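S.K.: the sequence and its predicted three-dimensional model are supplied below.
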Amino acid sequence: DAGVIQSPRHEVTEMGQEVTLRCKPISGHDYLFWYRQTMMRGLELLIYFNNNVPIDDSGMPEDRFSAKMPNASFSTLKIQPSEPRDSAVYFCASSLMSDTQYFGPGTRLTVL
Amino acid sequence: ILNVEQSPQSLHVQEGDSTNFTCSFPSSNFYALHWYRWETAKSPEALFVMTLNGDEKKKGRISATLNTKEGYSYLYIKGSQPEDSATYLCASNSNSGYALNFGKGTSLLVTP
């Protein structure tokens, strides 16, 4: 398996633009997690899905953030409109039940 | 303890030194404790998952112990090498869900 795949790896956009981050989990994994990493707050969980259903989205910062998982092999995290304070590295991870979470390479987002 | 806390925040040792770090986590409703190794510009890589009080895991020169009653885990590195330089993250999850609560990590630098 290729591991967790994320795209794009880098994204630079201007304030107010819509940003969509993509994730393909490891085949067969039933949990998918979106994290954000910043210097100030470290690695924080934004939302996670089980069998494509959102379970806990309490970490989503505000209504500008939304996440979907239309099928077992694809998830998106959307920010609309984006703001400079959203600049961070966004990681997607997947796991089989409560086992180890496997992280993707991350998307480095810069909002100017 | 409500959050996962790690100490020290950073550590600088000489090649060949042995070292250890501490992770403190909420002991109530504990389910599992995870250790990850995170190299700069890469994604976190799983080292260990431990669930039972008294668990000890070993991978080469790296080992970890778990005390669920008092809520702490130690990570040991024997004979540190420059390639061990990384941030070591611990995370716990409770039996109410699979979301991981991460500490801010211990940044280890091993110099020749």
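M.R.: The structure has been received and is ready for your questions.

S.K.: skipping adjacent residues, who's closest to B:L47 in space?
M.R.: B:W35 (4.3 Å; C-beta to C-beta, 6 or more residues apart in numbering or on different chains). Bear in mind the C-beta positions are built from the backbone N, C-alpha and C, glycine included.

S.K.: so the one you found versus B:E70, what's the distance?
M.R.: 17 Å (C-beta to C-beta, to the nearest Å).

S.K.: more neighbours: the two, which one.
M.R.: B:W35 (23 against 9; other C-beta atoms under 10 Å in any protein chain shown).

S.K.: now the more buried one: which helix or strand?
M.R.: strand B:30-38 (DSSP states H and E).

S.K.: list the buried ones in that strand?
M.R.: Within strand B:30-38, the residues that qualify as buried are B:F30, B:A32, B:L33, B:H34, B:W35, B:Y36, B:R37, B:W38, counting by 16 or more other C-beta atoms under 10 Å in any protein chain shown.

S.K.: same check on stretch A:13-20?
M.R.: A:T13, A:V19.

S.K.: residues in contact with it?
M.R.: A:11, A:76-84, A:86, A:109-112 (C-beta atoms under 8 Å, 6 or more residues apart in numbering or on different chains).

S.K.: before we move on, the earlier item: and the residue nearest to B:L47, what does it touch?
M.R.: Neighbours of B:W35 in contact, by C-beta under 8 Å, 6+ apart: B:C23, B:A46, B:L47, B:F48, B:A64, B:S73, B:L75, B:Y88, B:L89, B:C90.

S.K.: make a markdown table from those and add pLDDT to it.
M.R.: Formatted as a markdown table, the contacts of B:W35 follow (pLDDT from 0 to 100):
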| residue | pLDDT |
| --- | --- |
| B:C23 | 97 |
| B:A46 | 92 |
| B:L47 | 95 |
| B:F48 | 93 |
| B:A64 | 97 |
| B:S73 | 97 |
| B:L75 | 97 |
| B:Y88 | 97 |
| B:L89 | 95 |
| B:C90 | 95 |
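
S.K.: okay, and the beta partners of residue 11?
M.R.: With no chain named, the answer covers chain A. A:L109 (DSSP bridges).

S.K.: actually chain B
M.R.: B:L108.

S.K.: number of residues surrounding it?
M.R.: Neighbours around B:L11, by other C-beta under 10 Å: 18.
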